[in-house]
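1. sequence isn't available, so here's the structure alone:
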């Protein structure tokens, strides 16, 4: 049976994490590898290193902030950046269309604080990405929407739900916005395979001493898929080893695997 594998990773500076990314790609060989917070201008993006590892790469970013990229074993048929309306935020969303699969890799604004204008912008961003997806795709076609979405949807997605309730990533307003996005026809494939399992996190704050060792994490990274892919999903997991590496990102890698139709990747 042919399968395909997709992974998402907030690298928090691709040039600072190449010592993690390249070995991980060579060992795990995902068909598609989505990165957020690449934090590098396009002319300085390490394209050559990823190509030497066997990947085509599409990217857009800027110095210090944001930036998204997709590395894939198969060259995309089409690549586009940004949302349809203003501001397009082309360094926060990239779409790659393959032979029978589309991938939307996004980095949703974090929101800063509940009273900050950026929090309202975050809620708007969920509305805008839902509109973007509804305008370009159908729930009946294979689509993956993944990335750092800065929302922990369930109490089991954070290590201390009582204390953390009201954080910009863990609050009813963001839950509703996230649910509206999913209501278009997207399934949280990670929770399909781990419906009630706590303690599975992909983000461990640098500022918390020994956060990984103490299990003080969050799951704000997601792989959402349409039903045709959810029905063919074989599994999903979080690989915490990149977070154990020297000079890691504060996030780690989330992976999902699917049974592939003959015309896909």
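-> It's in. Just so it is clear, the structure is predicted and the values come from calculations on it, not from any experiment.
2. show me where the chain has its helices.
-> 14-28, 47-52, 117-136, 161-164, 172-183, 189-193, 211-214, 227-230, 241-244 (DSSP state H).
3. which elements pack onto the first one?
-> Packing contacts for helix 14-28, counted by 3 or more Cβ pairs under 8 Å, 6 or more residues apart in numbering; DSSP states H and E, involve strand 3-10, strand 32-36, helix 47-52. (Each C-beta comes from the backbone N, C-alpha and C, glycine too.)
4. the longest one too?
-> The contact analysis (3+ Cβ pairs under 8 Å, 6+ apart) places helix 117-136 against strand 93-97, strand 102-107, strand 143-148, helix 172-183.
5. one more time with 7 Å, if that's ok
-> Contact partners of helix 117-136 among helices and strands, from 3 or more Cβ pairs under 7 Å, 6 or more residues apart in numbering; DSSP states H and E: helix 172-183.
6. may I see the buried residues of the helix it packs on?
-> 174, 177-178, 181 (16 or more other Cβ atoms under 10 Å).
7. hmm, back to that, so can I have JSON lines of the helices of the chain showing mean pLDDT and distance to residue 4?
-> Shown next, in JSON lines, are the helices of the chain (pLDDT from 0 to 100; distance: least, Cβ to Cβ, whole Å):
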{"stretch": "helix 14-28", "mean pLDDT": "98", "distance to residue 4": "13"}
{"stretch": "helix 47-52", "mean pLDDT": "98", "distance to residue 4": "18"}
{"stretch": "helix 117-136", "mean pLDDT": "98", "distance to residue 4": "20"}
{"stretch": "helix 161-164", "mean pLDDT": "98", "distance to residue 4": "34"}
{"stretch": "helix 172-183", "mean pLDDT": "98", "distance to residue 4": "22"}
{"stretch": "helix 189-193", "mean pLDDT": "98", "distance to residue 4": "13"}
{"stretch": "helix 211-214", "mean pLDDT": "97", "distance to residue 4": "29"}
{"stretch": "helix 227-230", "mean pLDDT": "97", "distance to residue 4": "10"}
{"stretch": "helix 241-244", "mean pLDDT": "98", "distance to residue 4": "21"}
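8. need those helices in CSV with distance to residue 155, can you?
-> Converted to CSV, the helices of the chain look like this (distance: least, Cβ to Cβ, whole Å):
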stretch, distance to residue 155
helix 14-28, 30
helix 47-52, 37
helix 117-136, 20
helix 161-164, 4
helix 172-183, 11
helix 189-193, 12
helix 211-214, 18
helix 227-230, 23
helix 241-244, 22
